[in-house]
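Trainee: show me the folded form of this:
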Amino acid sequence: MTLPPGTILMKMYLEERLRAVQPGSFVEVGAGQGIMSRMLLDLGWQGTAYDLNEDANAIAKAVNRAAILEGRFKVFECDWLDAATGPADLIASCMVLEHLSQADESRYFEKCKSSLRRDGRGLLVVPGDPRYWGVEDEIAGNFRRYTAEGLRRRIEEHGLVVRQIAGLTFPLSNILFPLSEFLVRRAEHNKMALSVEDRTRLSGVRAVPFKTTFPAFLRVVLNEAILYPWHVLQKLSAGNDRSLLLFAEFGVPV
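Mentor: As a prediction, this is how the structure comes out:
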């Protein structure tokens with residue numbers, strides 16, 4: 001699978017941060033095609049994934065087939081907020097929180113607080129900088145984009161401890177933003193006729209040529225080695241308020 005440049009940069013950042021963490025059990029909420037789960041499994045974790053999209057779950061199972069056969073990974077087609085779950089060392093979600101109503105966003109943090117082990121951690125990736133609200137937010141069924149301070153406040157309101165908030169993918173995603181909006185509008189404009197719920201459900205599997213799907217030959221440029229200078233730039237720009245992705249790590253009070 002050839003990943004989008006922003007996804008590659010996000011993955012590089014998370015991998016670098018998690019390499020120093022002792023692997024344990026994880027939950028991925030809104031797992032989509034299982035890309036983050038694959039990264040965690042490759043780092044030695046074992047866990048479960050939840051998503052409401054049947055097609056996304058099928059891809060996640062195919063991508064992580066070896067771990068499923070080894071008994072290290074399970075995929076559930078249900079809402080994690082309503083599922084009966086045990087304690088976890090890590091609860092992760094990528095581009096999920098912005099789809100939740102304010103009430104469900106609160107339920108998300110409360111469930112994290114009750115489900116994380118004392119030394120566990122929650123990881124979030126959400127869209128950043130509300131000034132970049134655009135057609136992709138509408139088509140994906142988003143309710144909001146976040147500022148770093150707003151995200152920190154929402155996490156702390158629920159009695160969780162913020163360990164880090166950082167902007168990701170700046171400046172590459174900002175440079176590509178106009179092209180991204182054009183490609184999404186051209187490929188998915190018909191989704192605007194759907195309900196917000198349907199747009200949200202479908203956001204786990206999207207087929208936007210040269211935005212979410214790429215010809216295999218483009219792996220010669222869409223890979224970690226080629227994008228490494230942009231990874232350095234995203235780390236140097238972690239405090240930039242125009243970052244289009246925000247990463248947050250939090251835990252429960254000790």
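
Trainee: how about residues contacting the helix or strand hosting residue 234?
Mentor: Residue 234 belongs to helix 224-236 when elements are defined using DSSP states H and E. Identification of contacts with helix 224-236 by C-beta atoms under 8 Å, 6 or more residues apart in numbering yields 5, 8-9, 12-13, 167-172, 220, 243. Where you see a C-beta, it was placed from the backbone N, CA and C, and this is true even at glycine.

Trainee: of these, which is the most crowded?
Mentor: Counting neighbours by other C-beta atoms under 10 Å, residue 169 comes out on top of these with 28 neighbours.

Trainee: wait, that one sits on residue 8?
Mentor: No - counting by C-beta atoms under 8 Å, residue 169 stays clear of residue 8, with 9.4 Å between them.

Trainee: pLDDT on the longest helix anywhere in the chain, on average?
Mentor: In the chain, assigned by DSSP state H, the helix with the most residues is helix 172-188. The average pLDDT for helix 172-188 rounds to 97.

Trainee: which strands or helices does the worst-scoring helix or strand of the chain on mean pLDDT pack on?
Mentor: Here the helix or strand of the chain ranked lowest by mean pLDDT, DSSP states H and E is helix 196-202, holding a mean of 90. Judged by 3 or more C-beta pairs under 8 Å, 6 or more residues apart in numbering; DSSP states H and E, helix 196-202 is in contact with helix 135-140.

Trainee: from the chain's centroid, how far away is the helix it packs on?
Mentor: Relative to its parent chain, helix 135-140 has a centroid offset of 16 Å by C-alpha atoms, centre = their mean, to the nearest Å.

Trainee: returning to what we had before: give the pairing partners of the helix or strand that the helix holding residue 234 is followed by; include direction for each.
Mentor: Going down the chain from helix 224-236, the next helix or strand is strand 245-251, by DSSP H and E. Pairing partners of strand 245-251, with direction, according to DSSP bridges: strand 116-127 (antiparallel), strand 161-168 (antiparallel).

Trainee: for the first one, buried residues please.
Mentor: Of the residues in strand 116-127, those with enough neighbours to count as buried (16 or more other C-beta atoms under 10 Å) are 116, 120-127.

Trainee: for residue 250, state which of those is nearest.
Mentor: The closest of the buried residues of strand 116-127 to residue 250 turns out to be residue 122 (C-beta to C-beta; 4.8 Å).

Trainee: got the angle for the helix holding residue 234 vs strand 161-168?
Mentor: Angular relation of helix 224-236 and strand 161-168 on a 0 to 180 degree scale: 120 degrees, by axes from the mean of the first three to the mean of the last three C-alpha atoms, to 10 degrees.
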